[in-house]
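**Student:** Take this sequence and fold it.
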Amino acid sequence: MPLLTVKDLKLYYRIRRGPLKAVDGVSFSLSQGETLAIVGESGAGKSTVALAIMRILPKNVHTLSGAILFDGRDLLKLSERELREVRWSQISMVFQGAMEALNPVMKVGDQVAEPLIVHKGYARDEAEEEVREVLRLVGLPEQTAERYPHELSGGMKQRAVIAMALILRPRLVILDEPTSALDVITQANLMNLLKKLKWSLKLSYIFITHDLPLASELADRIAVMYAGKIVEVGTAEQVLLSPKHPYAEKLISSVPLLRRERLPDYIPGEPPDLVAPPSGCRFHPRCPHATEECRAREPRLVEVEEGHKVACLLYGV
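**Tutor:** Purely as a prediction, here's the structure:
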């Protein structure tokens, strides 16, 4: 049985112009020890999927439906008390922007220890040894616990945030753009750390990114999102080397290559308005292969080869 199964997830936000369909019928699964990368342009709904899994939602939610099964329990049906037994203890999240995730007036050690104190009832002095251990685990010196966030480099802040996510030893960690605003060398070091932690702690990851080269580093499978929907999902090799959906093709061909003389491609137009998305296939206004049928009929996500699914009428679905 998969560790996590998301079925027909819909999450709409209430805004003045009407419901904004941020996530609209998303389904996928994740096995124990697997990494699923969710990629796509900004505004595709990637981070909203993560927030729905964590049930960290703003007040303007208009619609939340579907099912999010973790170990067979539907997270959308749990009470807040029951959810606290899962959140951070079983599923944790590394939020985008380490500086914003850290309290500037609290020492790093106190912030890493907070989940132990809140969720496990540890006394502050009891939590210190656990904090030292997890700091060592993410490659930070123990003295980091006594420092404030502004005293750390960008890479050290991100490692501290990862330590916060790991302190309760969860089984699933959601990584929301964990390398944003970091230089290339720091990104590489952080990716190596995440790979090491995955194998040593037997973690499962949902890795949210718009950076396809980073996704190829960490992911076992890749899901491509566009305008609130998954349009393609498969193994990393299937999606990156043989993309089927025209959007996935354009997305991958927009990445510059170092060893081949090919100019990067681009995606014409702009992402659609999710308050009033296009009829039929949501990519059709930007798609070079669009037909009248694409404008009228919404494609289903179907398997085109083993483990490789695509939502495109080019494949007769």
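**Student:** State the pLDDT value of the residue nearest the centre of the chain.
**Tutor:** Among the residues of the chain, residue 208 comes closest to the average C-alpha position under Cα atoms, centre = their mean, at 2.9 Å. As predicted, residue 208 sits at a pLDDT of 96.
**Student:** do the one 3 residues further on as well
**Tutor:** Per-residue confidence (pLDDT) for residue 211: 87.
**Student:** ok, now which ones touch the residue nearest to the centre of the chain?
**Tutor:** 37, 38, 46, 47, 49, 50, 174, 175, 176, 177 (Cβ atoms under 8 Å, 6 or more residues apart in numbering). Quick note: C-beta positions are derived from backbone N, CA and C, even for glycine.
**Student:** that's a helix at it, yeah?
**Tutor:** No: read with DSSP: H, G, I helix; E, B strand; the rest coil, residue 208 is strand and lies in no helix.
**Student:** Go through the contacts of residue 208 and name the one with the lowest pLDDT.
**Tutor:** Out of the contacts of residue 208, that is residue 177, at 90.
**Student:** May I have the residues that are in contact with it?
**Tutor:** Counted by Cβ under 8 Å, 6+ apart, residue 177 has contacts 47, 96, 97, 208, 209, 210.
**Student:** can you check residue 40 too?
**Tutor:** So residue 40 contacts 46, 210, 224, 225, 226, 251 (Cβ under 8 Å, 6+ apart).
**Student:** And the next helix or strand past the helix or strand hosting the last one?
**Tutor:** Element membership for residue 251 (DSSP states H and E) is helix 246-253. Counting by DSSP H and E, the next helix or strand C-terminal to helix 246-253 is helix 292-296.
**Student:** quick one: average pLDDT of the helix or strand just after that following helix?
**Tutor:** Counting by DSSP H and E, the next helix or strand C-terminal to helix 292-296 is strand 302-305. Averaging pLDDT along strand 302-305 yields 92.
**Student:** what does stretch 100-114 give?
**Tutor:** 91.
**Student:** measure stretch 221-241 end to end?
**Tutor:** End-to-end distance for stretch 221-241, by Cα to Cα, to the nearest Å: 12 Å.
**Student:** how far does it sit from the chain's center?
**Tutor:** 13 Å (Cα atoms, centre = their mean, to the nearest Å).
**Student:** Identify each buried residue in it, please.
**Tutor:** Residues 221-236, 238-240 are the ones in stretch 221-241 that count as buried (16 or more other Cβ atoms under 10 Å).
**Student:** How about the secondary structure of the spatially closest residue to residue 211 that is not a sequence neighbour?
**Tutor:** Nearest residue to residue 211, sequence neighbours excluded (Cβ to Cβ, 6 or more residues apart in numbering): residue 179, at 7.3 Å. What three-state DSSP gives for residue 179 is coil.
**Student:** For residue 283, list the residues it contacts.
**Tutor:** By Cβ under 8 Å, 6+ apart, the neighbours of residue 283 are 226, 227, 231, 245, 246, 247, 290.
**Student:** Distance of it relative to residue 156?
**Tutor:** 40 Å (Cβ to Cβ, to the nearest Å).
**Student:** Quick check: phi and psi at residue 223.
**Tutor:** phi -110, psi 130 (degrees, to the nearest 10).
**Student:** May I have the beta-bridge partners of the residue nearest to it when sequence neighbours are not counted?
**Tutor:** Residue nearest to residue 223 in three dimensions, not counting chain neighbours: residue 233, with 4.3 Å by Cβ to Cβ, 6+ apart. Beta-bridge pairing of residue 233 under DSSP bridges involves residue 223, residue 309.
**Student:** got the domain boundaries for this structure?
**Tutor:** The chain breaks down by automatic domain parsing into domains covering 4-90+170-315, 100-169.
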